[in-house]
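[1] got a structure for you, letters missing:
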């Protein structure tokens, strides 16, 4: 079996008007497409995710069962697999990489689904965090194509507070003297480590630390957790890639495009897909209040918050079995 597949699109015009040169999406499929092409599930990637990490949501004993569904795991732009600052053509490499929006990601994912895979209907788009944001974008951008969405720990528009949180981690990274406005010749390692350490304070809730739940996921103490987060970002990520996706996250707004012209309520009302919104009540940046507001305008919607001290990382596979069980139950409801 191939590790992954590539969809090469040539030059793509972005929402900003700029051109993404030699654009490609890297993706992997699981299961088989049925004769009616009615068993398609799209699973985009989250902020520090890729198709490999998405496999934590897939399995024979999970709701996303490859024996039943044709699951397409698509790497978003900027994640080091699909076109990113670190692998872009020379004229757009590194700090020269253009601004990418959710609209751009879904426009290109749509081309993959319809032009290469010849699929016209999607049974479900689901995902965690930025992947969940992409599920909203799919449903608003192509409302007649998507039958159901289940964004978990996500929102259809990045809140101001969420935006400010992201400015904080960005500032930690770019304070490194080796950052050089993105023109670095070697990775700004100390900045990447600082990015990871700051992020760790937001990814989990206050109660996670108060109750010492870090011990349940393999950390001896807080220092051990912070060191791991710091080293993970320093070893596994390119700084420009992280900040490219961070900008995409900040720009997340399903109404900020020619289709809805910044009419946010109209964009929510346009969603025809059956929708389950699944926030974590202790998520520190994708707040339940955002989903409560969305619920007022999405037609076929159910709001099902989950309580977990793991906060945003309640959704990370293996962290909170209760969240995992409820997620699978909700997915099965939408697909069965």
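    Here it is on my side, so go on. Predicted model only: the values in this text are computed from it and were never measured.

[2] how many other residues sit next to residue 86?
    19 (other CB atoms under 10 Å). For every residue, glycine as well, the C-beta is placed using N, CA and C.

[3] so it sits right up against residue 243, yeah?
    No. Between residue 86 and residue 243 there is no contact under CB atoms under 8 Å: 11.3 Å.

[4] Could you list which residues are in contact with residue 12?
    Residues near residue 12 by CB atoms under 8 Å, 6 or more residues apart in numbering: 19, 20, 23, 104, 107, 108.

[5] For the closest residue to the first one other than its chain neighbours, which three-state class applies?
    What it means is residue 19. Counting by CB to CB, 6 or more residues apart in numbering, the nearest residue to residue 19 once its immediate chain neighbours are dropped is residue 11, at 5.2 Å. Here residue 11 is recorded as strand under DSSP: H, G, I helix; E, B strand; the rest coil.

[6] burial measure for residue 11, as a count.
    10.

[7] Give me the distance between it and residue 22.
    According to CB to CB, to the nearest Å, residue 11 and residue 22 sit 7 Å apart.

[8] Could you do residue 188 as well?
    For residue 188 relative to residue 22 (CB to CB), the value is 26 Å.

[9] quick one, which of the two is more surrounded?
    Between residue 188 and residue 22, counted using other CB under 10 Å, residue 188 has the larger neighbour count: 22 against 15.

[10] now the helices: where do they sit in this protein?
    For the chain, the helices defined by DSSP state H occupy 51-54, 102-111, 130-141, 160-174, 189-203, 206-210, 222-236, 239-250, 264-269, 288-295, 321-335.

[11] In the record's domain split, what are the boundaries for this structure?
    Domain assignment for the chain by automatic domain parsing gives 5-159+254-335, 162-246.

[12] Quick one: end-to-end length of the first one, please.
    End-to-end distance for domain 5-159+254-335: 26 Å, by CA to CA, to the nearest Å.

[13] same question, the last one
    Between the opening and closing residues of domain 162-246 there is a gap of 11 Å (CA to CA).

[14] do stretch 304-322 as well
    Terminal residues of stretch 304-322 lie 13 Å apart, using CA to CA.

[15] Show me which positions of it end up buried.
    For stretch 304-322, burial by neighbour count (16 or more other CB atoms under 10 Å) applies to 304-306, 308-317, 319-320.

[16] Now do the contacts for the residue nearest to residue 291 when sequence neighbours are not counted.
    With CB to CB, 6+ apart as the criterion, residue 291 has its nearest non-adjacent residue at 4.4 Å, and that residue is residue 277. Residues in contact with residue 277, defined by CB under 8 Å, 6+ apart, are 151, 291, 294, 295, 298, 301, 302, 303, 304.

[17] With distance to residue 68 and pLDDT added, can I get those in JSON lines?
    Putting the contacts of residue 277 into JSON lines (distance: CB to CB, whole Å; pLDDT from 0 to 100) gives the following:
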{"residue": "151", "distance to residue 68": "21", "pLDDT": "98"}
{"residue": "291", "distance to residue 68": "28", "pLDDT": "98"}
{"residue": "294", "distance to residue 68": "29", "pLDDT": "98"}
{"residue": "295", "distance to residue 68": "29", "pLDDT": "98"}
{"residue": "298", "distance to residue 68": "26", "pLDDT": "98"}
{"residue": "301", "distance to residue 68": "25", "pLDDT": "98"}
{"residue": "302", "distance to residue 68": "22", "pLDDT": "98"}
{"residue": "303", "distance to residue 68": "27", "pLDDT": "98"}
{"residue": "304", "distance to residue 68": "22", "pLDDT": "98"}
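
[18] ranking those by neighbours, who comes first?
    Neighbour max across the contacts of residue 277 (other CB under 10 Å) = residue 151, 30 neighbours.

[19] That residue and residue 124 touch, don't they?
    No. Using CB under 8 Å as the test, residue 151 is too far from residue 124 to be in contact (11.0 Å).

[20] tell me which strands and helices the longest strand along the chain is in contact with?
    In the chain, with assignment by DSSP state E, the single longest strand is strand 19-30. Judged by 3 or more CB pairs under 8 Å, 6 or more residues apart in numbering; DSSP states H and E, strand 19-30 is in contact with strand 5-13, helix 51-54, strand 70-74, helix 102-111.

[21] Okay, now the sheet partners of it, with direction.
    Using DSSP bridges, strand 19-30 pairs in its sheet with strand 5-13 (antiparallel), strand 70-74 (antiparallel).

[22] follow-up on the earlier one: state the distance from the residue nearest to residue 19 to residue 320.
    43 Å.

[23] Lovely, talk soon.
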